[in-house]
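Student: next one to model:
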Amino acid sequence: MKITDVEVIGVNRFLYVKVHTDEGVTGIGESGAWGFLDASREVVNSFKSYLIGKDALQIEHHWQYMYRCFHFRGAAIMGAISAIDIALWDIAGKWFGVPTYVLLGGKSRNKIRTYYHVIGETTEQLVADCVKAKELGYNAIGHLSPFLDEPRGKPYFMPYAQMINEAVERVRLIREAVGDEMDLCLELHRRLKPGEAVAFAHAVEKYRPFFLEDPTTPDNFDSMALIANKTNVPIATGERIHTIQEFEMLLSRNAMSYARPSLGVCGGITGAKKIAAIAEAHGVQIVPHNPLSPVSTAACIQIAVAVDNLAILEFPDHETLSATERFTSSGVNTQDTFKQSDMVDWVPKTVDGFIDVPERHGIGIELLEGVESKFPYKRREINTRLGIDGSVIDQ
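Tutor: Sure thing, here's the model as predicted:
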């Protein structure tokens, strides 16, 4: 079965790759290069000349060839490799008439625990959204920012003591509102320095968060290790890194209790499977990073089913805008009625916080005909938050 074409499809805030074969079998994948999807598109076009005419089932070989051909890495390159890899695994599953997870070793579980995205610009909004998640049947909530999801266009300032104490107080209010039967996955968005992160972790520990996600920037592995080794609260990180070697360096430093591979930039299904194996060797579970479209969710499900060391799966609301637009835009949305579910032929449903393992062939999802015309591609805007003094801050 030979590859005949590699098609790049931009839809709304998402970038997809559709691989065609001479047997009529096609596969779909998604790039997770965030604000650099246009660069990722050009990388796919570069790889296209290599892929056409090749055997679509030589997935590992193609992964190694693309990964090692130009000796450089980065989100745009890894996003392209990831999208192509997911599409090839989709083809393989369809060709053999099975879900892709069967080719990865089969089921490790019959249903997948998920956490629900919550959001709030005020304490009241955040607590209310957490209560809503419980009412919907979830037993875990994530993307839960104790520092709030304030607009990036709003200049930021808060004294240190006030910043820490108000964040801890929000976690207290949420814990009281939802009880101990709800796990709290705290998303810190890389906004704290190591010392601040340690202080916050100690102050919030009594409310038993499931984990603190990305307490500081991912650039220095030793900084993440310092935080992890000075707190009793589990640390989750990894969504911003691209290679199995980077995950191994973090794991060898005991810098994470939960590994967060992002299938859209870590090398797709192939990359995530390797990362899960390395994490398993360190006694670490994975929490796949999944803030993208239903195509990303469908790919993440394959890994979530196949690996033994899954903790929980991030599950964004596919009945609304992309998570990246909801959480990082200026607050001005031109398509408030846009639903991601209108782009595809299937979206998984949760019951009591779990997704039943699907039996659909491949990764189990297709883009609807003409979706790129119905929802034209939009480049993401640059929108970095500034402090009240004009300096750049992390959020």
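
Student: how about the strands in the stretch 101-250 of the chain?
Tutor: 111-117, 140-144, 183-187, 211-213, 235-237 (DSSP state E, counting those that start in this stretch).

Student: so can I have TSV of these showing mean neighbour count?
Tutor: Every residue, glycine included, has its C-beta placed from N, CA and C. Output for the strands of the stretch 101-250 of the chain, formatted as TSV (neighbours: other Cβ atoms under 10 Å):
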stretch	mean neighbour count
strand 111-117	22
strand 140-144	25
strand 183-187	24
strand 211-213	27
strand 235-237	28
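
Student: next, format the ones you listed as a markdown table and append mean pLDDT and distance to Leu251.
Tutor: Converted to a markdown table, those look like this (pLDDT from 0 to 100; distance: least, Cβ to Cβ, whole Å):
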| stretch | mean pLDDT | distance to Leu251 |
| --- | --- | --- |
| strand 111-117 | 97 | 22 |
| strand 140-144 | 96 | 21 |
| strand 183-187 | 98 | 20 |
| strand 211-213 | 98 | 15 |
| strand 235-237 | 98 | 11 |
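
Student: can I get those strands in TSV including distance to Ile164?
Tutor: Shown next, in TSV, are these (distance: least, Cβ to Cβ, whole Å):
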stretch	distance to Ile164
strand 111-117	24
strand 140-144	16
strand 183-187	13
strand 211-213	13
strand 235-237	17
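
Student: Thr21: neighbour count?
Tutor: For Thr21, the count of nearby residues is 20 (other Cβ atoms under 10 Å).

Student: kindly state the beta-bridge partners for it.
Tutor: Beta-bridge pairing for Thr21 (DSSP bridges): Ile3.

Student: ok, then the element right after the helix or strand of the chain with the lowest mean pLDDT?
Tutor: Lowest on mean pLDDT, DSSP states H and E among the helices and strands of the chain sits helix 323-328, with a mean of 70. Sequence order places strand 350-351 as the next helix or strand after helix 323-328, per DSSP states H and E.

Student: and the contacts of that next one?
Tutor: Strand 350-351 has contacts (Cβ atoms under 8 Å, 6 or more residues apart in numbering) with 114, 116, 136-138, 315.

Student: and the furthest pair within these?
Tutor: Greatest spatial distance among these (Cβ to Cβ): Gly137 and Phe315, at 12.1 Å.

Student: ok, those two, which is more surrounded?
Tutor: Taking neighbours as other Cβ under 10 Å, Gly137 and Phe315 compare with Phe315 leading, 24 against 12.

Student: so what's that one closest to, chain neighbours aside?
Tutor: Take Phe315 and drop its neighbours on the chain: the residue closest to it by Cβ to Cβ, 6 or more residues apart in numbering is Thr114, 3.8 Å away.

Student: quick check: buried residues in the top helix by length along the chain?
Tutor: Ranked by residue count under DSSP state H, the longest helix found in the chain is helix 75-96. Of all the residues in helix 75-96, those buried under the rule 16 or more other Cβ atoms under 10 Å are 75-95.

Student: for stretch 119-129, same thing?
Tutor: Within stretch 119-129, judged by 16+ other Cβ under 10 Å, the buried ones are 119-120, 123, 126-127, 129.

Student: got it, and stretch 218-233?
Tutor: 218, 221, 223-228, 231, 233.

Student: pLDDT for those residues - can I get that in CSV?
Tutor: Formatted as CSV, the buried residues of stretch 218-233 follow (pLDDT from 0 to 100):
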residue, pLDDT
Pro218, 91
Phe221, 97
Ser223, 97
Met224, 98
Ala225, 98
Leu226, 98
Ile227, 98
Ala228, 98
Thr231, 97
Val233, 98
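
Student: for those residues, give me CSV that also has distance to Ala276.
Tutor: Shown next, in CSV, are the buried residues of stretch 218-233 (distance: Cβ to Cβ, whole Å):
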residue, distance to Ala276
Pro218, 19
Phe221, 19
Ser223, 24
Met224, 19
Ala225, 21
Leu226, 25
Ile227, 23
Ala228, 19
Thr231, 24
Val233, 23
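
Student: just flag the most distant two among the residues you listed.
Tutor: Phe221 and Val233, at 18.7 Å, using Cβ to Cβ across these.

Student: tell me what Val392 is bridged to.
Tutor: Beta-bridge partners recorded for Val392 (DSSP bridges): Leu386.

Student: right, and it touches Leu386 too?
Tutor: Yes. If you go by Cβ atoms under 8 Å, Val392 and Leu386 touch, sitting 6.1 Å apart.

Student: between the two, who's got more neighbours?
Tutor: With neighbours defined as other Cβ under 10 Å, Val392 and Leu386 compare such that Leu386 has more, 14 against 9.

Student: list the contacts for the more buried one?
Tutor: Neighbours of Leu386 in contact, by Cβ under 8 Å, 6+ apart: 155-156, 392-393.
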